[in-house]
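**Student:** can't give you the sequence, but here's the structure:
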């Protein structure tokens, strides 16, 4: 049989992703019963006029997601082990969480001609590609073992020393043995979830906040409780009210240049957060992934707490390269030792090559010079973006002092899904604010990456959207 799905070669979404989404929707619509046989890879490719390679990848992914069973010598079948939705606040079918994450990433990052105004990335033209290439060639010539070997369990010792020095500038006192290199900040979060949480536990998160974290928590079966983010940080009144009802294990906070609002936690809020953590016995996971965008350094929660109740996460991927997955987590030695063991069990080791390239960039001073240029460019872009938005009647949540993001809305638009639909014909891709809420609640806000906001398509979008009627 031929499946009832649509493939569009012109929309920029990889065929593999379209096949996964199409088959997933076909199964979830109950058009197919468990045990139903799918077309063979060859037949599917023939039916839709595509090569077999995206079909192979899609079928493999659907098997790993639990939608299909692969029977050797027989083919692919709708899985007999269909898992239903789970109950409880913030929990969901793990496959659903992954689908949502894939869909969000497609909105922000899929190739194509549209302007990714809501993207989380720095444009390639803004990056120091020459220095990056030089560092890669240097490591390839001088450290051939890094091309084939795993990194050490904690990560490159020289890189950890450099990162130790960087957090020391923030006033965070930690030994190199308290720092674990991870495959981006995302792996740091995953390791912490595996180590500190189990299904049914409660974790407080910011609302709005980091969409990928929400999906990760749902995959682990964790209950999410959203704490509204104000211009000065988490809403303390709501937090204290929720603490009377829940006993969270962790509270995840993005302190500096918050994603997506661009705000930074105020000192008085930081002090009270730490008091509440001590009083109620929960730990704070401080995500400081945008630290390198900050010129005038401010105290972090980990500075004030010195890692007693705070676990600190940082990284270089947001500035240096998304491909060189360099993240790190800083905590007391006992936690780091256990996280390192979990890292070895789940991924064996990190990328020795990526870590060596990062060391080369740090030791040569090229990363420092690049950051100076990037900060100036982002500050100028942020100022121009806020000016353009306000000139067209948009409301800005906060005027960011750094980072990449502006959180904005139009007073007459209650659901920013309208802005998504409006932007598409103008060649502008944005994501609805619901993507940044713990349980996808409707939101009037959208995230704007200032690095892309000077494009004529963005400026035309700001102006035209302001004429939308309520």
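**Tutor:** Sure thing, it's come through. Everything quoted here is computed from the prediction, not taken from an experiment.
**Student:** Now residue 234: closest residue in space, sequence neighbours ignored.
**Tutor:** Distance criterion Cβ to Cβ, 6 or more residues apart in numbering; nearest residue to residue 234, sequence neighbours excluded, is residue 227 at 4.7 Å. For every residue, glycine as well, the C-beta is placed using N, CA and C.
**Student:** And residue 263, by the same measure?
**Tutor:** Per Cβ to Cβ, 6+ apart, closest to residue 263 is residue 398, 4.4 Å.
**Student:** cool, and residue 371?
**Tutor:** Using Cβ to Cβ, 6+ apart, the closest residue to residue 371 is residue 292 (5.6 Å).
**Student:** and what of residue 251?
**Tutor:** Leaving aside its chain neighbours, residue 251 sits nearest to residue 204 (4.1 Å; criterion: Cβ to Cβ, 6+ apart).
**Student:** Could you give the backbone dihedrals for the one you found?
**Tutor:** Main-chain dihedrals, residue 204, degrees, to the nearest 10: phi -90, psi 140.
**Student:** So it sits against residue 245, correct?
**Tutor:** No. Using Cβ atoms under 8 Å, residue 204 is not in contact with residue 245, being 11.2 Å away.
**Student:** Mind checking which of these two has more residues around it?
**Tutor:** Per other Cβ atoms under 10 Å, whichever of residue 204 and residue 245 has more neighbours is residue 204, with 25 against 8.
**Student:** Model confidence for the more buried one, exactly?
**Tutor:** Predicted confidence (pLDDT) for residue 204: 97.
**Student:** Would you mind listing the residues in contact with it?
**Tutor:** Residue 204 makes contacts with 225-227, 239, 242, 246, 248, 250-252, 282, as judged by Cβ atoms under 8 Å, 6 or more residues apart in numbering.
**Student:** Can you flag which of those residues belong to helices?
**Tutor:** Applying DSSP state H to the contacts of residue 204, the entries found in helices are 239, 242.
**Student:** coming back round to it: for the residue nearest to residue 251, name its beta-bridge partners.
**Tutor:** residue 225, residue 251 (DSSP bridges).
**Student:** So it versus residue 165, what's the distance?
**Tutor:** Residue 204 sits 32 Å away from residue 165, going by Cβ to Cβ, to the nearest Å.
**Student:** Tell me where the stretch 201-350 of the chain has strands.
**Tutor:** Taking DSSP state E, counting those that start in this stretch as the test, the strands found in the stretch 201-350 of the chain are 202-207, 223-230, 233-234, 250-254, 283-287, 310-315, 326-330.
**Student:** model confidence over the shortest one, on average?
**Tutor:** Per-residue confidence for strand 233-234 averages out to 96 on the pLDDT scale.
**Student:** contacting residues around it?
**Tutor:** Strand 233-234 is contacted from outside by 206, 227-228, 251, 253, 255, 263-266, 269-270, 273, using Cβ under 8 Å, 6+ apart.
**Student:** Now the buried members of these.
**Tutor:** By neighbour count, with 16 or more other Cβ atoms under 10 Å, the contacts of strand 233-234 hold 206, 227, 251, 253, 255, 263-265, 269-270, 273 as buried.
**Student:** Most remote residue from the middle of this protein, which is it?
**Tutor:** What lies farthest from the middle of the chain is residue 73; by Cα atoms, centre = their mean that is 39.1 Å.
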